[in-house]
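**Student:** no FASTA, just this:
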């Protein structure tokens with residue numbers, strides 16, 4: 001499987017494991033898991049021919065580590081980024097003093113007024129380093145990196161969660177905690 005095929009399959013997996021499992025007629029459980037055999041069967045029935053080995057390659061080589069297998073390797077789920085209601089069973093964590101959010105310059109006015117809003121996703125995504133935030137922001141236009149006063153938010157009783165792939169999650173970041 002070449003890089004282009006890996007990326008194509010990874011994007012499709014993101015679609016079905018984060019947003020629209022019905023595209024391939026599968027159901028995710030309440031924590032977002034699906035049996036790998038069920039997934040592979042469904043993919044193959046929809047003309048997306050992927051075998052177990054290829055799925056493992058996709059998961060292993062995904063640059064953002066979007067997917068994870070359960071302990072015995074029988075099920076798979078997306079680590080975060082869902083627009084469907086999934087309980088990832090994450091425990092609240094104490095964040096670092098500062099977290100970062102990458103966005104495009106064109107969104108700054110809205111962010112200054114509303115803060116960072118999860119919109120159709122379950123959480124606002126934050127990173128612990130500026131480079132990751134820059135990569136995320138550049139996907140949407142000219143990037144800008146926002147510094148988030150995570151320590152102060154936490155002291156003010158906002159909850160933070162850390163996904164398996166290192167993305168910090170919270171429900172909302174009000175404008176007063178954002179510095180650009």
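**Tutor:** Nice, I can see it. From a predicted model like this one, the values you see are computed outputs, not experimental measurements.
**Student:** Can you verify my assumption that residue 86 contacts residue 34?
**Tutor:** No: with contact defined as C-beta atoms under 8 Å, residue 86 does not count as touching residue 34 (11.2 Å). Where you see a C-beta, it was placed from the backbone N, CA and C, and this is true even at glycine.
**Student:** anything in contact with each of the two?
**Tutor:** Shared contacts of residue 86 and residue 34 (C-beta atoms under 8 Å, 6 or more residues apart in numbering): 28, 77.
**Student:** roughly how far is the longest helix that the chain contains from the heart of the chain?
**Tutor:** When the chain is parsed with DSSP state H, its longest helix is helix 3-14. On the basis of C-alpha atoms, centre = their mean, to the nearest Å, helix 3-14 sits 15 Å off its chain's mean C-alpha point.
**Student:** tell me the domain boundaries of this structure?
**Tutor:** The chain is divided into the following domains under automatic domain parsing: 3-78, 92-179.
**Student:** can you list those in CSV and add mean neighbour count and mean pLDDT?
**Tutor:** Output for the domains of the chain, formatted as CSV (neighbours: other C-beta atoms under 10 Å; pLDDT from 0 to 100):
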stretch, mean neighbour count, mean pLDDT
domain 3-78, 15, 94
domain 92-179, 16, 95
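**Student:** just checking, residue 77 is part of a strand?
**Tutor:** Yes: under DSSP: H, G, I helix; E, B strand; the rest coil, residue 77 falls within a strand.
**Student:** Bridge partners for it, pull those for me.
**Tutor:** In this entry, residue 77 is beta-bridged to residue 68, by DSSP bridges.
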